[in-house]
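Asks: Attaching a predicted model along with its sequence, questions to come.
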Amino acid sequence: MRATSREALLALLACAVTLLLAAALGSKPLIDTLMRLAIFGLYAVSLNILVGYTGLVSFGHAMFFGFGAYAFGLLMQTGMTSLPAAALASLALSAVLALVVGALCIRLADIYFSFLTLAFQMLLHAVILSWVGLTGGDQGLQGGIPRPRFLGINLADPWQVFVVTMVAFFASLLAIRTILQSPFGYALRMVRDNAPRAAALGLPVQRYKLAAFVIAGLFGALAGILMALYVSGAYPNFAFWTLSGEGMFMIMLGGIGVFLGPVLGAAIFLLLNDTVTRFTEYNGMVMGVVLLVVVLGLRQGLLDVVMARLRPR
Amino acid sequence: MNLDAFAGCLSSASCLITQTSAGLIIGMLLFLVACGVTLIFGVLGVINFAHGAFYMLGAYLALTAYQLTDSYLAAVLCAAAGVGLFGVAFDRLFMSRVYNSNVLMQLLVCYAFVLILDDAVKMIWGAEFQSMGMPAAFALRPLHVLGGLVPPFYVFLVAVTIAIAIALGGLIERTLFGKIVRAAAVNRQMVSALGINTSLLYASVFGLGALLAGAAGALAAPVRSATPGMGVSILIESFIVTVIGGMGSIAGAFTAAVLLGLVRSFGSIGFPLFTDGLMFGLMVIVLLIRPQGLFARRSA
Amino acid sequence: MAHSGFGRPGRRSVLRAGLATGATLALPFVARGASKQPIRIGQPSILSGRIAQLGISSRNAAQMVVDAFNAAGGLDGRTIELISRDSKGKPDEAARVVRELINNDGCQIILDSEASSGAFAVQEVVRETGTLCIHADSETTSLTADPKIRAANAFRCARQVLHDSIVGGSYAAGIAKAQGLKRWMTCSPDYVYGRDSSSEFLDYLKLFEPSVEAVGATWPKLFAPDYTENVTRILETKPQALYSALYSGDLVSFIDQGNLYGLFDQVKFFAINMADYTTLHAVKKLPAGIYSCNRYLSTFPATKANAEWSAAYDKRYSVLPLNWAWQNALAMQFLVEAIRKTGSDDGKVLAGALRGMTVESPFGAKGTVTMRAEDQTIVDYAIGWGVTIPQAPFVEGMEPADWTVITARETEWKKQKGWA
């Protein structure tokens, strides 16, 4: 418990420092970058619950990112729900989706699991594209997402969106960290390392996998909601396989075995993407080479390397 | 949904002929790409996520070779050989380093190559889409069979594909190479212990898979325009074929490809807006009922 | 400008205020230094992936206008700097790139060369920042027609699906009447553009020629490699005429695969996006007698100015211009003329000048194009339909559209939608 309260303090501190720093500098590019970092960082951390901690290589995680964004945007566009209600409702819907998809997927092992998650994601993507009446098809949710005031918070104001995003980001990190450091989290690691042994010890392996899948889906959807708020819309590529691929890329860059690795990975990914895009249209070439170097050269993420050095042998 | 049209088609000979042959054609083109994926997975246990990019490379090589030689045969041979060699190099230099790692590492190496190859093609051949055009030998009028229409070029494609399927089946089932490959798929340490150079074996299987992808790109080039990034839709389709047929099974891939081709050709009559949904749906159902696929040897 | 919420003036406005003060204090060298700063125009676009052609031809065309403006001395020595950046076709990345161009690179104006989904994302960003924006590649009608989506600071300088459908419907109705084509079918890509284009085309076709009937539709997926199932579906339905909104590589594949079945001997084919040079060149065996709208043709309108522009573009980039090229050239021309006319780079001032502005242009139906004030989109650009032939100039018998018919139908359509 003491560790948890120390981490809560750390998260609070980090959040406060970020906000103060952004307020002091008042730089819009900085604020934009931090928002995107929070969104993709949370997305990558949520994916790593599956990939890094449970050993489930999901290739369809963007399904939840996209679903969260669309559910939230559509609810807000009805004009009948308040913003927090819409966010909570979309999270609840995403959890249901994760429960159903997860229940079907976790029955399969290894690559088959990856494929089934990919298939479900492509199914969702196909539905988004063809259900034009509801989703706007390939053009996405049009006309912006309305942001009525709630509890004195006005999300039409970019600064307040920034504050809300940061608070949600750090709170989510803390929540995920707490979950992963709990006995449940350690059980997940045992499932990852040796599922038959975990089962022999009486652990309901399938139920643990399913729970991890739902939790990951929930936070992936939250990242999607924040994204919808940030771009004031939702687009089919939020649920496309490329975003799932980019999630893996981020995790791999930053480090699989370290809690904050994916956040660092997201930061490097975004920095790299933004810098490369400024100078060349051959973004894919550069990103591909970097990825190759990391995967084949380091064979693990940056934070993995650092932690391995720091750790006493 | 249009069930009247669907029923009408089922009761008309000309419609049955046209749609069945169309289904076969779609299926054969699917199989041509998918058999490489399934071969590589069957032996190496690796999903070649860059297979679509190999297909693209084949189409572009064929385009250039055709412009230089004006011979479709030369174009197909050049593309198949070129992509095959590229596959061997790709295996030796990159993939072989992650054979013993987890799925994630393998996926990422392939993903990196998808990004690199898409941009490389754009650098070399330009961003504009290109089209080869129909070789004069095949620019013929469609054949009429019992009132249905069958284009001669597709008859040729189907024949070539069936020949490839038989040759591939023969190679795996009847030759020494096939025996070793099958043995390696079951137990690679044992094969290695028998003094067989497994690196060479893996490189040749990977190269063969790549060669098939290159040949597919080249064979389809007369009727499909080439653009950077064209590999993605092909890749997804061939994954569906591989998964339904059972990963590693050539016969399974063949059956699944024909099945999907028929689903698409008849689906376009009965459910014009949902043919893709039908394909994904079929894949989900197969994975849930029989996760290892229709014909797989491995268990999931 | 409506940046609010950060509680303090931005660095840029402080800087500008400081410079303005300097200018009023009559320090000539400071003032001149300030006025020599280039006017920055940001261009988010798609420069990689399957439709990189869109971004490349958009950038090429805009750059030509910028270079001419700068060579002519700019605005009292101030040049325009065009900053093009790749969004890779992702709407969220387009939104990011626009923010970066505005906030980081100091762009005062956005020339949006995104396809439709990206354009809608850009629209939301400029709605928030208040930056002047011209959309030069999105043809989706609702972007400017729907009052909920329209923004006071955003304009469109591109053709519009609704205009194309009215013209296409009326042209096709004439041919349907003359040749007795009653049974029609559509084959368009299954996404919003394809669906809108098909349904609006059929609406106007039926309006102008009530005797036609739609006997079926088939919807290939966007970027589909294989159209066999669609071709055989069409053969099975046996329509007399076929309408398609397929474009670029997809249209070429469809024609190549349709040729195998002799499809175009059996139906009259109306392909709205056929007459664009890359497409015309890529089809190795262009069937004669395809009806198409002009995307861009150097021979339509058949004026010296149009032929010269096309030749200049070809000379500089060694490739013939596409539809996206004329739209971006025109958009940049609108900006340049507004800058010259007002002597300002302020978005609000320029927007005021752009509303209702008419410019002389090779792409005008009658030599001019107007930025209509009421919905901030262009009218009077050249639209026409003709018939393909297998060699240059590829299309003949171009019949220009009547803009009084287009605007009358458009007003009626907007009334039905409750948008006018």
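Replies: Arrived safely, thanks for sending. Numbers count the residues shown, from 1 in each chain, chains lettered A, B, ... in the order given.

Asks: The stretch 201-300 of chain B against chain C: which residues are in contact?
Replies: B:220, B:222-230, B:233-234, B:264-265, B:267-269, B:272-273, B:275-276 (Cβ under 8 Å from any Cβ of the partner chain). (Glycine included, C-beta is placed from N, CA and C.)

Asks: so, in contact with chain B or not, the helix or strand bottoming out on mean pLDDT in chain A?
Replies: Least confident helix or strand, chain A: helix A:302-310 with a mean of 82, by mean pLDDT, DSSP states H and E. No: judged by Cβ under 8 Å from any Cβ, helix A:302-310 stays clear of chain B, getting no closer than 12.6 Å.

Asks: Kindly spell out which helices and strands sit in contact with that helix.
Replies: Judged by 3 or more Cβ pairs under 8 Å, 6 or more residues apart in numbering or on different chains; DSSP states H and E, helix A:302-310 is in contact with helix A:241-254, helix A:261-279.

Asks: Minimum distance to C:Asp226: which of those has it?
Replies: Closest to C:Asp226 of the helices and strands packed on helix A:302-310, according to Cβ to Cβ: helix A:241-254, at 20.0 Å.

Asks: close to chain B, is the closest one?
Replies: Yes: remark: helix A:241-254 sits within contact range of chain B at A:241, A:245, A:248-249, A:252, by Cβ under 8 Å from any Cβ.

Asks: Most neighbours among these, which one?
Replies: Among the residues of helix A:241-254 next to chain B, A:Met252 has the most neighbours (other Cβ atoms under 10 Å in any protein chain shown), with 29 neighbours.

Asks: those helices in the stretch 151-300 of chain B, which residues are they?
Replies: B:152-174, B:176-186, B:188-193, B:198-220, B:231-245, B:250-270, B:275-289 (DSSP state H, counting those that start in this stretch).

Asks: would you list those in TSV and tack on mean pLDDT and mean neighbour count?
Replies: Output for the helices of the stretch 151-300 of chain B, formatted as TSV (pLDDT from 0 to 100; neighbours: other Cβ atoms under 10 Å in any protein chain shown):
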stretch	mean pLDDT	mean neighbour count
helix B:152-174	91	16
helix B:176-186	84	15
helix B:188-193	82	14
helix B:198-220	92	25
helix B:231-245	86	26
helix B:250-270	88	24
helix B:275-289	80	19
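
Asks: any idea which of the residues of helix A:241-254 next to chain B is the one closest to C:Gln376?
Replies: Nearest to C:Gln376 out of the residues of helix A:241-254 next to chain B is A:Trp241 (Cβ to Cβ; 37.2 Å).

Asks: so that closest one touches A:Gln121, yeah?
Replies: Yes: the criterion here is Cβ atoms under 8 Å, and A:Trp241 meets it with A:Gln121 at 6.3 Å.

Asks: what residues are shared contacts of these two?
Replies: Contact criterion Cβ atoms under 8 Å, 6 or more residues apart in numbering or on different chains; residues shared by A:Trp241 and A:Gln121: A:59-60, A:62.

Asks: would you list those in JSON lines and tack on distance to chain B?
Replies: Shown next, in JSON lines, are the shared contacts of A:Trp241 and A:Gln121 (distance: Cβ to the nearest Cβ, whole Å):
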{"residue": "A:Phe59", "distance to chain B": "7"}
{"residue": "A:Gly60", "distance to chain B": "12"}
{"residue": "A:Ala62", "distance to chain B": "14"}
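
Asks: Just the ones in helices from the residues you listed, please.
Replies: A:Ala62 (DSSP state H).

Asks: Around the residue in chain C positioned nearest to chain B, how many other residues sit close by?
Replies: Ranking the residues of chain C by distance to chain B (Cβ to the nearest Cβ) places C:Lys284 first, at 2.6 Å. By the measure other Cβ under 10 Å, the count of residues near C:Lys284 is 17.

Asks: Ok, C:Pro38 next?
Replies: Counted with other Cβ under 10 Å, the neighbours of C:Pro38 add up to 15.

Asks: picking up where we left off before, and which of the shared contacts of A:Trp241 and A:Gln121 is nearest to chain C?
Replies: Closest to chain C out of the shared contacts of A:Trp241 and A:Gln121 is A:Ala62 (11.9 Å), distances taken as Cβ to the nearest Cβ.

Asks: list the contacts for the closest residue to the closest one other than its chain neighbours?
Replies: By the measure of Cβ to Cβ, 6 or more residues apart in numbering or on different chains, the closest residue to A:Ala62 outside its immediate chain neighbours is A:Leu243, 3.7 Å from it. Going by Cβ under 8 Å, 6+ apart, A:Leu243 touches A:62, A:65-66, A:237.

Asks: Report the secondary structure element holding the residue of chain C closest to chain B.
Replies: Counting by DSSP states H and E, no helix or strand carries C:Lys284.

Asks: Now do the same for the closest residue in space to it that isn't next to it in sequence: helix, strand or coil?
Replies: Residue nearest to C:Lys284 in three dimensions, not counting chain neighbours: B:Gly133, with 2.6 Å by Cβ to Cβ, 6+ apart. Of the three states, B:Gly133 takes coil under DSSP: H, G, I helix; E, B strand; the rest coil.

Asks: I figured B:Gly133 hits B:Arg224, correct?
Replies: No: taking contacts as Cβ under 8 Å, B:Gly133 lies outside contact range of B:Arg224: 11.7 Å.

Asks: per-residue confidence for B:Arg298?
Replies: Per-residue confidence (pLDDT) for B:Arg298: 49.

Asks: nope, A:Leu129 is what I was after
Replies: For A:Leu129, pLDDT reads 85.

Asks: next one: C:Ala420
Replies: C:Ala420 carries a pLDDT value of 77.

Asks: what does chain A have sitting close to chain B?
Replies: Residues of chain A found near chain B (Cβ under 8 Å from any Cβ) are A:51, A:57, A:59, A:104, A:107-112, A:114-116, A:118-120, A:122-123, A:126-127, A:130, A:241, A:245, A:248-249, A:252, A:256, A:282-285, A:287-289, A:291-292, A:295-296, A:299.

Asks: Now do the strand or helix carrying C:Asp67, average pLDDT.
Replies: Using DSSP H and E, C:Asp67 sits in helix C:52-71. Per-residue pLDDT values over helix C:52-71 give a mean of 95.

Asks: And for stretch C:248-263?
Replies: For stretch C:248-263, mean pLDDT is 92.

Asks: Am I right that B:Leu30 is in contact with B:Val241?
Replies: Yes: here B:Leu30 reaches B:Val241: they are 5.2 Å apart, a contact under Cβ under 8 Å.

Asks: Confirm for me that A:Thr33 is in contact with A:Asn273.
Replies: No: contact between A:Thr33 and A:Asn273 fails when scored by Cβ under 8 Å: they sit 11.1 Å apart.
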